[in-house]
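Undergrad: for reference, the sequence and a predicted model appear below.
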Amino acid sequence: MLRQSFSGGIVIPNPHPVETVEIISAPLPNKVVLPLQQRIGDEASPCVKVGDKVLTGQVIAKTEDHFCVPIHASISGKVVAIDEHAIPHKSGLKSRCITIESDGKDQWVEHKGCGTDFLHCDQSTMIEYIQASGIVGLGGAGFPAHAKLEGIQDCHTLIINGTECEPGIMCDDALMQYYPREVIRGVEVLLHICGAQRAIIAVEDDKQEALNSLLMYCHNDRISIEQIPTKYTSGAEKLLVKVLLGIEIPSGGFAIDVGVVCQNVATTKAIFDAVVDNKPLISRIVTVTGSGVESPNNYEVRLGASFEHIVSMSNPNTNQHAIRMGGMMMGVDVESTHAPICKITNCIFVNNIEVKPSTQECIRCGQCNQACPVDLLPQQLYWYAKSENTDKAMDYNLADCIECRCCDYVCPSHIPLAEYFSFAKALHRKTTEDQYRTDIARERFEFREYRLERNNRERAEMMAAKKEELKKKMANDKAQKDKIAAAMARVKKAKKSK
Ligand code: SF4
Ligand code: SF4
């Protein structure tokens, strides 16, 4: 069934379409560079040293942080360095990485999973295998899959997100066409873990081949495959839940708050690999596209191989290139193609460098308001963000902005609105933290003042009470003395009268 659309969002045709979507298996790289810092959590500590021989799939670094996943060797060979290396991050900073030189053998270490009889495995064992296999969200978020699946209660629907996050990316389309059996079985594993009654695989309506492949392998009544309109950003979790189920996730809430678990389709296949096929996550499918390559394509490539390893297979031209990881809208600029492919590298854009149009004043045309898929008022938010009035921007639900850049895309004045919003959110976080620290300091000071004042008051009351007691005692003593004197006077008088 083709679902209803949602207000806002934009239709952007694939800027570099291909005739047939395929997956090319990239050759084993001679060397891989694996960062110790993952997207979320603590940096992992190496459990190998320079000179050690490692097997494909062997754990080479881990951390005690339960939120994190271990890091596996993606090829067999020798550890040749543990040092700083450029990573694909917008900061351009280097990070500690383990470098392995290939022995060309690709010898695997044995891994434990549930095997094909996975329905007899309990949920917590499955989640342990998912964590031990290093699985994180492959749609670009990099959130550890086990953390999303732990402690789930009252989940009625599992949504498998088969929509490409952005125009130009083709890796999930290719994955559904080439691995439909693994995707369907992965959905069955997830249904078993979440206890949901049903699962919906969402596929965009321009991906007929992917839909046909999945339909061919889906023989489970609890799983349906549904088409949704091809419109950016229909893959955003909140919008997907709204389009498929008609449920609004409240502001600041998550899908699980309304009984829904969402997983990306590539993550689902990786979960199948881990639980049923006993294989850790050591490779992924990456799209290489952009104006700087002649043959955009998808490559199945080992993690840690350089961008260059697959970009060279797409016939890049000789121009100077701007490299972007993760999509034309929400991706991040990367300095060079020497960076290593990591778990969240779903796409590499290789673009000829072009002069960007200059930013003009806002002409209040309101086009940004119409484009926003989450019903915000970007024009209004822009004024507040620009004047650093973050409290007011928060009143206009700045926190709900998913930084999709639909507003930027339609803005005739070329204002980088999403950048303003990202900055305003960071500023608000900082101001709130500073305010929190100021409040705590003020409370401490006020409490100290109160304590001193209370001590002084209590001391004064105690002194006054003591003084009063003494006064009473003295008055008592005097009365006693007077009584004795009167008695003695009486005795004396009696003696005289005798
Ligand atoms: S689209 Fe651009 S110019 Fe138009 S109202 Fe929004 S910010 Fe202003
Ligand atoms: S970047 Fe934020 S404000 Fe702009 S369209 Fe996307 S969600 Fe709306």
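TA: Done, it's in. Numbering: from 1, shown residues only. Ligands and ions are numbered 1, 2, ... in the order given.
Undergrad: give me the neighbour count for Glu204.
TA: Close neighbours of Glu204, defined as other C-beta atoms under 10 Å, add up to 20. For every residue, glycine as well, the C-beta is placed using N, CA and C.
Undergrad: got it, and Ala26?
TA: When neighbours are defined as other C-beta under 10 Å, Ala26 has 19 of them.
Undergrad: which element is the closest residue to it other than its chain neighbours on?
TA: Closest residue to Ala26 apart from its sequence neighbours, by C-beta to C-beta, 6 or more residues apart in numbering: Val301 at 4.1 Å. Assigned by DSSP states H and E, Val301 belongs to strand 297-302.
Undergrad: could you say what helices and strands that strand packs with?
TA: In terms of contacts (3 or more C-beta pairs under 8 Å, 6 or more residues apart in numbering; DSSP states H and E), strand 297-302 is packed against strand 23-25, strand 283-289, helix 307-311.
Undergrad: what about the longest helix seen in the chain and ligand 2, any contact?
TA: Taking DSSP state H as the assignment, the helix of the chain that covers the most residues is helix 417-497. Yes: applying C-beta under 6 Å from any ligand atom, one finds helix 417-497 touching ligand 2 at Leu417, Ala418, Phe421.
Undergrad: just the pLDDT for the residue of the stretch 201-350 of the chain found nearest ligand 1.
TA: Relative to ligand 1, the nearest point of the stretch 201-350 of the chain is Met329 (15.8 Å; C-beta to the nearest ligand atom). Per-residue confidence (pLDDT) for Met329: 92.
Undergrad: so what does it have for phi and psi?
TA: Main-chain torsions, Met329, degrees, to the nearest 10: phi -100, psi -50.
Undergrad: so what's the residue count around it?
TA: Neighbour number of Met329 under other C-beta under 10 Å is 21.
Undergrad: who does the helix or strand harbouring Ile200 pair up with?
TA: If you go by DSSP H and E, Ile200 is part of strand 198-204. Partners of strand 198-204 in the sheet, by DSSP bridges, are strand 157-161 (parallel), strand 223-228 (parallel).
Undergrad: quick one: closest of those to Ser295.
TA: Nearest of the strands paired with strand 198-204 to Ser295, taken as C-beta to C-beta: strand 157-161 at 27.4 Å.
Undergrad: can you show me the CA trace of the closest one as CSV?
TA: Provided in CSV are the C-alpha atoms of strand 157-161 (Å, rounded to 0.1, in the frame of the first residue of the first chain):
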residue,chain,number,x,y,z
THR,A,157,5.5,-2.4,15.9
LEU,A,158,9.0,-2.7,14.5
ILE,A,159,9.8,-0.4,11.6
ILE,A,160,12.7,-1.3,9.3
ASN,A,161,13.8,1.9,7.6
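Undergrad: which residues touch it?
TA: 139, 183, 187, 190-191, 194, 196-202, 235, 237, 240-241, 244-245, 255, 259-265, 268 (C-beta atoms under 8 Å, 6 or more residues apart in numbering).
Undergrad: if you count neighbours, what's buried in it?
TA: Thr157, Leu158, Ile159, Ile160, Asn161 (16 or more other C-beta atoms under 10 Å).
Undergrad: now, which of the residues you listed sits nearest ligand 1?
TA: When the buried residues of strand 157-161 are compared for distance to ligand 1 (C-beta to the nearest ligand atom), Asn161 wins out at 28.7 Å.
Undergrad: which strand residues bridge the closest one?
TA: Assessed by DSSP bridges, Asn161 has beta-bridge partners Ala202, Asn264.
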